[in-house]
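> Build me a model from this:
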Amino acid sequence: MTWFLMVMLVSEAVTEASPTHFPHFEGKNLNGETLALGDSTANVTLIFVAFKQEQQPQVDRWISALGPIQESHPDFDYVELPTIKPVSRVVRFMIYRGMRSGIKDPEKRARIVTQYVDIPAYMATLQLKDEDVIATFAVGKDGRIFKRWLGPVSDEAVAELKVLLAHQAEGAEGR
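Predicted coordinates:
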């Protein structure tokens, strides 16, 4: 009995915990409109959290992989949350203008909300260990996190997302 209890305690300590709810966010997207967690009518929203500009190609590859998925799951959306440490209003304005001038597509602009947060505290909340790794969260309307992926998109992640969306669609039909 004691051996079994020790194995359970050790396995519990090794298991990486994941957050259950995504922290509330609200801000202006690159079209100047206010966007907040829960604004989407989609049952599942994919939220991309990136801490460094050079991570954008990884986010873009995720978004490219979503095209066929969005066609078969219209009740699905995504939001990009570039995440930066707090800076002055002047620097925020410069970042906003720079991002806005670099992104011409109004649909893409509508899905980008830059967050200015205490990075270590934010990472602790989301139970992230490395700001060199992007984090992708599948989140419900109520902020509940269904699934989290760390790093670049993979075939396995896309397959898991498809299963999640199919499961959520079945649940929505039963309501």
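
> Could you state which residue of the chain sits nearest its centroid?
Centroid-nearest residue in the chain, with CA atoms, centre = their mean: I47, separated by 2.2 Å.

> check contacts around it.
22, 78-79, 81, 136-137, 139 (CB atoms under 8 Å, 6 or more residues apart in numbering). The C-beta positions use only the backbone N, C-alpha and C, and glycine is treated the same way.

> Can you point out the buried residues in stretch 150-168?
152-153, 157-158, 161, 164-165, 168 (16 or more other CB atoms under 10 Å).

> let me fix that: stretch 42-62
42-51, 55-56, 58-59, 62.

> Can you dump the C-alpha atoms of it in PDB for me?
Presented in PDB, the C-alpha positions along stretch 42-62 are these (Å, rounded to 0.1, in the frame of the first residue of the first chain):
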ATOM      1  CA  ALA A  42     -17.500  30.900 -31.800                       C
ATOM      2  CA  ASN A  43     -17.800  27.900 -29.500                       C
ATOM      3  CA  VAL A  44     -14.000  27.500 -29.700                       C
ATOM      4  CA  THR A  45     -11.400  30.200 -30.200                       C
ATOM      5  CA  LEU A  46      -7.800  29.400 -30.700                       C
ATOM      6  CA  ILE A  47      -5.600  32.000 -28.900                       C
ATOM      7  CA  PHE A  48      -2.000  32.400 -30.000                       C
ATOM      8  CA  VAL A  49       0.300  33.800 -27.400                       C
ATOM      9  CA  ALA A  50       3.700  34.900 -28.700                       C
ATOM     10  CA  PHE A  51       6.300  36.900 -26.700                       C
ATOM     11  CA  LYS A  52       8.800  37.800 -29.500                       C
ATOM     12  CA  GLN A  53       8.500  39.200 -32.900                       C
ATOM     13  CA  GLU A  54      10.500  36.400 -34.500                       C
ATOM     14  CA  GLN A  55       7.800  34.000 -33.400                       C
ATOM     15  CA  GLN A  56       5.300  35.400 -35.900                       C
ATOM     16  CA  PRO A  57       6.200  32.900 -38.600                       C
ATOM     17  CA  GLN A  58       5.200  30.100 -36.200                       C
ATOM     18  CA  VAL A  59       1.900  31.800 -35.600                       C
ATOM     19  CA  ASP A  60       1.400  32.300 -39.300                       C
ATOM     20  CA  ARG A  61       2.100  28.600 -40.000                       C
ATOM     21  CA  TRP A  62      -0.600  27.700 -37.400                       C
END
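
> one step back: can you check my assumption that the residue nearest to the centre of the chain lies in a strand?
Yes - the assignment for I47 (DSSP: H, G, I helix; E, B strand; the rest coil) places it in a strand.

> pLDDT score assigned to it?
With respect to pLDDT, I47 scores 97.

> what secondary structure does the closest residue to it other than its chain neighbours sit in?
Closest residue to I47 apart from its sequence neighbours, by CB to CB, 6 or more residues apart in numbering: F137 at 4.6 Å. Three-state assignment for F137 (three-state DSSP): strand.

> Thanks a lot, catch you later.
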